[in-house]
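Asker: Sequence first, then the predicted structure:
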Amino acid sequence: MDKDSETVLRLGRSDKCVQEPQIICSSEPVQAVYSEHVLLQCYLKPPLNAASETVKWTRGNDVVILCQNGKYNPGAQREHFEARTALSHEALTKGNLSLMLTSLKLTDTGRYKCSFITDNVEKSCYVNLTVGESDVIGSDEPVKANVGEDVILPCHLEPPFNVSTLTVEWKRNKTYVHVYRSMKHDPNQQNSHFINRTYLFCDEIGKGNISLLLRNVSKEDEGVYICYVPKLHSQVRKGKITLKVDAAKHDTKQFNGSSRVSDTTSLGTCQAVQGMEAYLPPTLPLPVADALRHRSVGPLRWGGVPSTSGPGARSTLAQLAVGRAHEHVTTTPSGFCSAAAE
């Protein structure tokens, strides 16, 4: 009988013969983002109650966390990991030895060892962790719009990172277009030219989507826009988007009581969806695409997809339909951060 097929039996605390467990770690390298949290997976197969055994996580010679007989041993832990590690007692009873590591630092990158020790026998496996930074990504391609249209200036963090507690600034030259601060819009610095015309996707900021909706575009809006996250721990905290505006106002005609865009030359496919008409651009960064689903913010134009986006940063929008076009209004669309004073 070879080693792989051999069944090893031992006498457990329940006085029943049970199969000797194997310890298994995640086979793929784990990638995580600075200041976020990550779960390093490790478990016993078949499941075995490990709550009363010794479970230890190490990185090199440093003890990350040590749990013995159901109790933590903080004296053995390296100071670097203090107050940032946890094992779930409930999970341990089910043979899940996974480690939660929070408030990630760039120096947390490394090879982690998960060990299960019982009856003076140690079983272990390894997990490779890489901690990186999110960069702010704008658009390499210019965003084009006609006078009177609404437009989305795409900007997101790659990989996705929650910036809801950080400050997000949009500027054109040195003029403040939109400022998000203290988890809401801050109108104090906004230039009067943009009042009641700019919005962020409030429910998407936590996913790293900081794209800006600019309504009722005018020729004066043309220029280079910068999206900026000042306190982001990254080498790339700014994204650039160029907006080009055609002075000729877009031709429209009435359709079911709403304004319908009729010129589809530069936007690709324009198709009716449930009595509404919407542009379906071929690709768009995922955070932006997700935020636009089921919105009612048309007529819209999208900017080009950043060429620096990775393979997973694009999405075919065959199912994406932005809601029916409507006249410019100053009320806040559902799901957006208002540019009006709080």
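Answerer: Now that the structure is in, tell me what you want to look at. Numbering: from 1, shown residues only.
Asker: Quote the end-to-end distance of stretch 80-98.
Answerer: 19 Å (Cα to Cα, to the nearest Å).
Asker: Not counting its own residues, what contacts it?
Answerer: Contacts of stretch 80-98 with the rest of the structure, by Cβ atoms under 8 Å, 6 or more residues apart in numbering, involve 21, 23, 39-51, 55, 57, 62, 64-65, 67, 70, 74, 77, 99-103, 107, 114, 116. Quick note: C-beta positions are derived from backbone N, CA and C, even for glycine.
Asker: again, only this time at 7 Å
Answerer: With Cβ atoms under 7 Å, 6 or more residues apart in numbering as the contact definition, stretch 80-98 has outside contacts at 21, 39-44, 47-51, 55, 62, 64-65, 67, 99-103, 114, 116.
Asker: cool, and stretch 23-35?
Answerer: 38, 40-45, 103-104, 106, 114, 116, 123-134, 159, 161, 233.
Asker: From these, list the buried ones, please.
Answerer: Among the contacts of stretch 23-35, the ones that count as buried by 16 or more other Cβ atoms under 10 Å are 38, 40-44, 104, 114, 116, 125, 127-129, 131, 133-134, 159, 161.
Asker: Got the domain ranges for this protein?
Answerer: Annotated domains of the chain cover 21-132, 135-337 [automatic domain parsing].
Asker: Would you format these as JSON lines with mean pLDDT included?
Answerer: Below are the domains of the chain laid out as JSON lines (pLDDT from 0 to 100):
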{"stretch": "domain 21-132", "mean pLDDT": "94"}
{"stretch": "domain 135-337", "mean pLDDT": "68"}
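Asker: Buried deepest among the ones you listed, which one?
Answerer: Mean neighbours per residue, mean count of other Cβ atoms under 10 Å, is largest over those for domain 135-337, with a mean of 18.
Asker: now V64, nearest residue through space, not along the chain?
Answerer: The shortest distance from V64 to any non-neighbouring residue, by Cβ to Cβ, 6 or more residues apart in numbering, is to W57 (4.1 Å).
Asker: list the contacts for that neighbour?
Answerer: V64, I65, L99, Y112, K113, C114 are the contacts of W57 under Cβ under 7 Å, 6+ apart.
Asker: Okay, and the beta partners of it?
Answerer: I65, C114 (DSSP bridges).
Asker: same check, this time on H185
Answerer: Residues in beta-bridge contact with H185 (DSSP bridges): Y180.
Asker: what does I226 give?
Answerer: K171, K240.
Asker: next one: T130
Answerer: Going by DSSP bridges, T130 forms beta bridges with Q31.
Asker: Okay, it and A86: tell me how far apart.
Answerer: According to Cβ to Cβ, to the nearest Å, T130 stands 21 Å off from A86.
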